[in-house]
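Asks: can you look at this prediction? I've put the sequence above it.
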Amino acid sequence: MNSIRLSWRLLRGGGRKGLLGAGLTLAAVAVSSMLLVFAVTVNFAFDGRADRSAWRNPPPAAKVTGKKSPHKKDAVAVQAVHYQAVGDRMLTVVRLAALDERATPPPGLDRLPAPGQVVLSPALAEVLSGLGGAIGDLRPQPEGSVRLGDEALIHPGELVAVVGHTPDDPELLKPRKGAHGKDVPATWIKGFANEPTNDAIAYQALALIATVLIVVPLLVFGGAAARLTVARRDQRLAALRLVGATPGQVVLMTVAEAMVVAFAGAVLGVVLYGAAAPALSRIEIGGGPWFAGDLWPGPLPLLAVVLAVPLLVGVSAVAGLRRVVVSPLGVAKRETPPGMRAVRVVVFLAVVAAFPVRTAGVGVGVVAVMLGLVFLCVNLVGPWVVALIGRVTTRMARTPARLLAGRRLTDDPRSAWRTVSGVAMTGFVAGFIGLLTPGITSGEVEDPGVAMLIQDLKTGTIVVLTVSFLVAIASAGITAASSILDRRQTYALLRLAGTPLEVLDRARRAETLIPLTVMGGGSIATGAFTAMSFTGGVPSADGLIVLGVSVAAGFAGVVAAGALSRPLLRSVTTEPVPRPD
Amino acid sequence: MRAAGPWNTHDKTQGSVVLEGRALEKRFGSTVALAGVEQAVRQGEALAVMGPSGSGKSTLLHCLAGIMKPDAGEVHLLGRRVDTMGERERSALRRTRFGFVFQFGQLLPELPAEENVALPLMLGGVPRGQAVRQARGWFAPLGLTGMEGRRPGELSGGQAQRVAIARALVTRPAVVFADEPTGALDQTTGHEVMNLLVSAIKENGAALVVVTHDRQVADWCDRVVEVRDGRIVTPAAGAAR
């Protein structure tokens, strides 16, 4: 208990720069938590939509042996679902004839519609009254008419009509255009509860892939957040070890400090998500925006995030502390670091090579796991590549800035990787999505269902890339700032001895942009390679545009994030009396 | 016997005034750090500035070195006004005409010792190969043979301070400022470092300004002044060496 109290006192008493360090960690964790909640909730949201649209895909009744169709022994209704375009929107018409009046009605209705009765969704009622005329047999209805409830709608703006018929009405029985443009006959059904439609399943699968593409960088970012301003904390904890703190106490204090900040960050992240949810619910996927409840994940997932995030940060903080625990002088001495093991590259190559084999003809769950694995391997191989780049940069350096950058990359490749890992990971996402982006526009496709899916793939791409970039740029900005705080004494002394600020800034920039160029390119190539398992391997023009914009945005974002921390560099280097903590 | 170094082509006698502070005043809020200090240092001279904590000795060093601008008074280096220069100009001056040795932490932990020494030359535009060659020339005279490729973490405290001395002198500065240069060292190593520092300064024809609270360190210098409450109270105490 004393250890926890002491770490709380140290956290509070860390001075302005110390609090700034804790503030950076808090901001990083808050952004991660907010996006994590979003990534998780998206799956619940698509599950909700799948459930709400399942009644339009009801189970067919069993055939009665010996009797000619259409008679079925357990049928409760005859249903025909067809689609038509209304402007650029899709109208779904569900025609129903009750065979058993006691049958449970579909969601959104109190009872099965009587022959001739039309029940409209609120959005369709609005469209019809706006038109002032009919769409086929659907006419505007007076105020106060029964409306289809939200629980029967995929999204709040969906245009749906439920029309009552008699079982032998030719209007009900004649084949009409189904979801994918083919003529579909009416079906004798045994109830309204069923599995989601194929379209809904496709959306759930895509949501899962998108979640992996967002969550893995978030986990990496969250882990990096735990090690922000680690040098400062290491020094303090090494000092505590020197005065007799046991390794256990040091670990406890580290965990306590990191987790206190992370818990606050996670709570803030959840609050931020709550604030952003109304805006997020306006993103149109599957033909429309979301119900507010769709993007509310419920108390248990929120609680899980608020507890899991600090736990992850705590574990990551302990992992970053191994050197201090091993020896009190562990961080006081800076020695030539041992080289990174090339086994990282072997593992990476093995996983990437296995991807096309392991993902051929398997379920989306396996694909998601493999994708996550490749993603994590990019993170595994990153520091090794950064160290290699550092050695090459050092050998070729002609200017002080390049020399400083090269030596720094070689000295602490993990830390340098943390700065660019976010953007490199986004490169992977861009490479993957870039190759998967369809080359056709929704207008070129006759099938309205496919057209909508194409449009949604494009929207999804923008959402996933936007989230990835948000993480990446936040990560680059926060790690750049924390790196300045960690090295402020060295920077201050260099500046004091007359080193121009531009040289320090150029070194910082080179330290980021050189590995970013190599690793960004490598990640894009890895993402594209994994996507090749699902496509012919030739990117579309749209895909190339996605890639080009991603590369430009990545570089611009990292340069901007670095530039934002320049005032901090100026501030720490103008301190006239640099003193260690 | 002092080691012969790459500096020994210079004039070894004390010469004209190199650096001079006139009527220097500096306040931090309501605290007076300097209250009209007059001080000069000559070529080849080692000056020790002593005083208790908070007396203003470090502020004096910072004002003389162009790190800080005084509120009033003037600083002249070889006849040029330093206190009226802009930050960029003062920064260039610190890089080319001044050298610095601090208590610790001035070496870049990522760079091997020879590159730490070569860095000021590279900042001045000397090509890397030539800068490193020049830097290596300082290792033997300072007793650092074989340490060229070691990183600061692999050096002892005394060795690290000698590398810092090499770095301070490699650009052949007019004045070297040392702020508690032996503060983190044991007594024997401290004496070794001061011996090397003062010898190197003199043989290089530079001037030395040492800020210290340690009388034994001050005794290595030609002249000792004591600062109390922002004023020099013992203007001409002689060196005991």
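Replies: Right, received. Where do you want to start? Numbering: from 1, shown residues only, chains lettered A, B, ... in the order given.
Asks: show me where pLDDT drops low in the stretch 201-350 of chain A?
Replies: A:224, A:226-239, A:241-242, A:320-339 (pLDDT under 70).
Asks: same thing but 80
Replies: A:216-217, A:219-255, A:257, A:316-341 (pLDDT under 80).
Asks: need the residues of chain B near chain A, please.
Replies: B:58, B:62, B:67-68, B:88, B:91-96, B:98-100, B:102, B:104-106, B:108-111, B:115, B:119-120, B:122-123, B:127-128, B:151-154 (Cβ under 8 Å from any Cβ of the partner chain). Where C-beta positions appear, they are placed from N, C-alpha and C, glycine not excepted.
Asks: now stretch A:251-270, how far from the centre of its chain.
Replies: 22 Å (Cα atoms, centre = their mean, to the nearest Å).
Asks: quick one: contacts for A:Ala205?
Replies: A:Val364 (Cβ atoms under 8 Å, 6 or more residues apart in numbering or on different chains).
Asks: let me know the pLDDT of residue 198.
Replies: Went with chain A since none was named. As predicted, A:Asn198 sits at a pLDDT of 80.
Asks: actually it's chain B I care about, not the one you picked
Replies: 90.
Asks: in the helix or strand harbouring it, what counts as buried?
Replies: B:Val198 is part of helix B:187-204 when elements are defined by DSSP states H and E. Within helix B:187-204, the residues that count as buried by 16 or more other Cβ atoms under 10 Å in any protein chain shown are B:189-194, B:196-204.
Asks: now for it, which elements pack on it?
Replies: strand B:46-50, helix B:157-169, strand B:175-179, strand B:207-211, helix B:215-218 (3 or more Cβ pairs under 8 Å, 6 or more residues apart in numbering or on different chains; DSSP states H and E).
Asks: TSV for those, including mean neighbour count?
Replies: Converted to TSV, the helices and strands packed on helix B:187-204 look like this (neighbours: other Cβ atoms under 10 Å in any protein chain shown):
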stretch	mean neighbour count
strand B:46-50	26
helix B:157-169	25
strand B:175-179	26
strand B:207-211	27
helix B:215-218	19
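Asks: redo the ones you listed as a markdown table? Include mean pLDDT and distance to A:Pro175.
Replies: Converted to a markdown table, the helices and strands packed on helix B:187-204 look like this (pLDDT from 0 to 100; distance: least, Cβ to Cβ, whole Å):
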| stretch | mean pLDDT | distance to A:Pro175 |
| --- | --- | --- |
| strand B:46-50 | 92 | 101 |
| helix B:157-169 | 89 | 88 |
| strand B:175-179 | 92 | 92 |
| strand B:207-211 | 93 | 96 |
| helix B:215-218 | 88 | 101 |
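Asks: out of those, which comes closest to A:Gln249?
Replies: Proximity to A:Gln249, assessed across the helices and strands packed on helix B:187-204 by Cβ to Cβ, is greatest for helix B:157-169 (28.2 Å).
Asks: quick one, the closest one and strand B:207-211 angle?
Replies: For helix B:157-169 against strand B:207-211, the angle by axes from the mean of the first three to the mean of the last three Cα atoms, to 10 degrees is 140 degrees.
Asks: what helices and strands are in contact with helix B:157-169?
Replies: Using 3+ Cβ pairs under 8 Å, 6+ apart: helix B:157-169 touches strand B:98-101, helix B:113-123, strand B:175-179, helix B:187-204.
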